[in-house]
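K.L.:
here's my sequence, what's the structure:
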Amino acid sequence: MKYIISESRLNEFMNDYLNSFLEEKIVSRVDHYIVVSDNVESDGDEWRDVMEFDRNDGRLWVHHDFLRQFDDLFGRGPQESMNIITNWFENHFDVKSKYQESKYL
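P.N.:
Model (predicted):
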């Protein structure tokens, strides 16, 4: 079965996905960094960084697994997926990214 979804509705879905994703993560603000971490162990002892923003140089780093998962889910392509995540991150944390990094790009 095929569905036709408007571009604005798809953007809303992607933003909702990113907002709900963040609800289950730890956000740390240390010095000039904003770090979003995910619990990878059931006992809560091991964390993996998913996103990291450096205020000094404006770099937004996104873990390749998360970027790939987002791209697979929404089918926008790696660079467009990174652009969407970057725009969401900038709006959510009130920062401006100068460049982005991920092994998936």
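K.L.:
what sits up against the host helix or strand of E90?
P.N.:
Assigned by DSSP states H and E, E90 belongs to helix 78-93. With contacts defined as C-beta atoms under 8 Å, 6 or more residues apart in numbering, helix 78-93 is touched by 11, 14-15, 18-19, 22, 34, 51, 53, 60, 62, 67-68, 70-71, 74, 76, 95-97, 100, 102, 104-105. Bear in mind the C-beta positions are built from the backbone N, C-alpha and C, glycine included.
K.L.:
likewise for stretch 31-38?
P.N.:
Residues outside stretch 31-38 that contact it (C-beta under 8 Å, 6+ apart) are 22, 24-29, 47-56, 93, 95.
K.L.:
how about 10 Å then?
P.N.:
Contacts to stretch 31-38, defined as C-beta atoms under 10 Å, 6 or more residues apart in numbering, come from residues 21-22, 24-29, 46-57, 59-63, 65-66, 89, 92-93, 95.
K.L.:
repeat that for stretch 5-12.
P.N.:
Residues outside stretch 5-12 that contact it (C-beta under 10 Å, 6+ apart) are F13, F74, G75, R76, I84, N87, W88.
K.L.:
so which of those wins on neighbours?
P.N.:
Taking other C-beta atoms under 10 Å as the neighbour criterion, I84 ranks highest of the contacts of stretch 5-12 with 20 neighbours.
K.L.:
buried subset of the contacts of stretch 31-38, written for PyMOL?
P.N.:
Of the contacts of stretch 31-38, the buried ones go into a single PyMOL selection, burial set by 16 or more other C-beta atoms under 10 Å:
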select buried, resi 21+22+25+49+50+51+52+53+54+60+61+62+63+66+89+93
